[in-house]
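Novice: Fold the stuff below for me.
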Amino acid sequence: MLSFVLPLLLFAALGLAVLGAFRRAAMWRRGRPAKVDLLAGLLAMPKRYRVDLHHVVARDKYMANTHVATAGGFVLAAVLAILVHGFGLHHPLLGYALLAATLLMFGGAIFVALRRRQPPSRLSKGPWMRLPKSLLAFSASFFIATLPVAGLLPADFGGWVLAVLLGLGVLWGVSELFFGMTWGGPMKHAFAGALHLAWHRRAERFGGGRSTGLKPLDLSDPHAPLGVEKPVDFTWNQLLGFDACVQCGKCEAACPAFAAGQPLNPKKLIQDMVVGLAGGTDAHFAGSPYPGMPLGEHGGNPHQPIVNGLVDAQTLWSCTTCRACVEECPMMIEHVDAIVDMRRHLTLEKGATPNKGAEVLENLIATDNPGGFAPGGRMNWAADLNLNLLADKKATDVLFWVGDGAFDMRNQRTLRAFVKVLKAANVDFAVLGLEERDSGDVARRLGDEATFQLLARRNIQTLAKYSFNRIVTCDPHSFHVLKNEYGAFDGHYLVQHHSGYMAELIGQGALNLGQHKGNSVTYHDPCYLGRYNGEYEAPREVLRALGIEVREMQRSGFRSRCCGGGGGAPITDIPGKQRIPDMRMEDIRETGADLVAVGCPQCTAMLEGVVEPRPLIKDLAELVAEALLEDASGTSSVPSKRETAEVH
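Specialist: Purely as a prediction, here's the structure:
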């Protein structure tokens, strides 16, 4: 009986799975075209799965080992089950191999079941709660059915009663794991996830690469949509990426806006896009809702507007673009790209940037800075510093990109401190002065791609007039934009954050430093320096050179909590139950440190905005400037690199 039932069930489930695959692919292809090398992506997919995906999964050793056993056992068991029970290749070696694969899968499924007994709040429940049972049913049924093939039991053991029970177990298993892989259910992520890795919109992320710059809009094409209004306005591989979500909730647990009680949950946002892809409502979503928003009130379809259908606008404006969600996602989904794409439509097509957003964007156009300050005051902070202007020098080693912190009295202290460091190291540097404009970071995160591209092209045109070896800036946001986003407009430069450049100067012996005394110190990793650009070590090298042993926060490095200042969040100002910088200050207080070292003007502003009593906030440049030792003449006792070369 089993020799008839098992092939029937296997091939029926496989046939339905293939039909589901074509149906699912048709849903993805509703999106806009995307340039993808289909064959090369498929060939690269196994390595991307084994290396890149598991590099993220391996951060949770329990789940990494569970996933290897369960997924690896399932793939091997499925292939062998088709050979042995589908095609009737009843060879003892194949039988033993299938027994081993099902045992491996069964062991992994036990750990999945244990995890689901008291699942963390971030995990989706609902259909996901039946997955362990389905895995156990599949592996146990095929294990027992394979015992005669391996010669461990007679072919007719158990009679028709056992055959019926095994048939039901196999039906349960193949329905969930084969049929459900393409038609919907917990296993959908396996099919969509594999193809998402193959045809990812940021293939540069694989093989140890990094890709964090936003994709530019083609503003010259009058037919191209300005951002994303409807689900079909996403590219087809973005829709594929949304469908790959495993609903693990790691993005939810990492999101500062969700923790602050703002109406954003990155996991639900992705699932809302999946709902829009297929059509329906969020009534059956089995995870945490957006804070303050009940389930069942949002819905849509591929051709209906997303905002006020699938999501509310304030959900999109709650995002700080910190990329914590992207960093934690084991399926490597690009949440921030999707959010900014939808913001672009609201800003460019609707003019619906909330709160002070419209004012800031108007200021950028009128005055080249978001605060609307008179452009002529950009260099007032340095009136007594006798800085070299690049317009006078024409060529320099280091172009110091000042940024719009020039208009902020607190950040001016950081700029002056860094100038002191540069002069102490006898660095050949200059500034653009009044020729410098805003880098465009705020405009781009708020979705105003037109203003960003205008500012970028003007800055690139200015920079093209001069000769310099590198750009150095104290602002991670300007650092990121100049380094990673100007290249799309032929602006290619060597750009360094001031922490990396100071670490380089210290390593060369160009600075005569004393030791920091007194305060215990913790260091706050800026999102746009760390997660966006992978720079975690240079700031700590600088602090170690000052004799500082950093008291690390529990959330530091790639898991640093955002200060709340990125993505235009202070401008759109979506309310929540608490403020993100207040939460970050609690992380700081837990270390017992008296002083917080920072490397970003926005982080400084957000953390200093926390009500006292709180630790002191100082930029890395301020700490280095305070530690500089001078010789009797009052100048640096370290010769410049040029002077050293002349001696030799």
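
Novice: contacts and neighbour counts: CA atoms only from here.
Specialist: OK.

Novice: Do a quick rundown of the strands in the protein.
Specialist: Using DSSP state E, the strands found in the chain span residues 280-281, 299-300, 395-401, 429-430, 467-473, 495-497, 521-523, 595-598, 616-619.

Novice: okay, D337: pLDDT?
Specialist: Per-residue confidence (pLDDT) for D337: 98.

Novice: Which residues are in contact with it?
Specialist: Applying C-alpha atoms under 8 Å, 6 or more residues apart in numbering to D337 gives the contacts L214.

Novice: again, but for the one 4 residues further on
Specialist: When the contact criterion is C-alpha under 8 Å, 6+ apart, the partners of D341 are 227-228, 447.

Novice: Repeat the analysis, applying 7 Å as the threshold.
Specialist: 227-228 (C-alpha atoms under 7 Å, 6 or more residues apart in numbering).

Novice: if we can go back for a sec, most packed of the strands of the chain?
Specialist: Among the strands of the chain, ranked by average contacts under mean count of other C-alpha atoms under 10 Å, first place goes to strand 521-523 (a mean of 26).

Novice: Just give the closest residue to C248, not the sequence neighbours.
Specialist: Distance criterion C-alpha to C-alpha, 6 or more residues apart in numbering; nearest residue to C248, sequence neighbours excluded, is L123 at 5.1 Å.

Novice: How much space separates the one you found from P330?
Specialist: Separation of L123 from P330 (C-alpha to C-alpha, to the nearest Å): 14 Å.

Novice: before we move on, what about A259?
Specialist: 20 Å.

Novice: so where's the protein shaky on pLDDT?
Specialist: By pLDDT under 70, the low-scoring segments of the chain are 1, 158, 630-648.

Novice: and with 80 instead?
Specialist: The chain contains residues with pLDDT under 80 at 1-3, 155-162, 630-648.

Novice: How about residues contacting stretch 591-600?
Specialist: Stretch 591-600 has contacts (C-alpha under 7 Å, 6+ apart) with 474-476, 519-524, 526, 551, 553, 604, 615-620.

Novice: if we can go back for a sec, tell me which of A259 and P330 has more neighbours.
Specialist: Neighbour count, other C-alpha atoms under 10 Å: between A259 and P330, P330 has more, with 23 against 20.

Novice: thought the more buried one was touching V56?
Specialist: Yes - taking contacts as C-alpha atoms under 7 Å, P330 lies within contact range of V56: 5.4 Å.

Novice: quick one: contacts for E328?
Specialist: 56, 250-251.

Novice: can you pick the most crowded of those residues?
Specialist: C251 leads the contacts of E328 on contacts (other C-alpha under 10 Å) with 25 neighbours.

Novice: contacting residues around that residue?
Specialist: 266-267, 324-325, 328-329 are the contacts of C251 under C-alpha under 7 Å, 6+ apart.

Novice: from those residues, which single one is nearest A100?
Specialist: Comparing the contacts of C251 against A100 with C-alpha to C-alpha places C329 closest, at 30.9 Å.

Novice: any idea how far the residue positioned nearest the centre of the chain is from I333?
Specialist: The centroid of the chain falls nearest to V326 when counting by C-alpha atoms, centre = their mean (2.5 Å). For V326, the distance to I333 equals 6 Å [C-alpha to C-alpha].

Novice: Next: T235.
Specialist: The gap separating T235 from I333 is 14 Å, by C-alpha to C-alpha.
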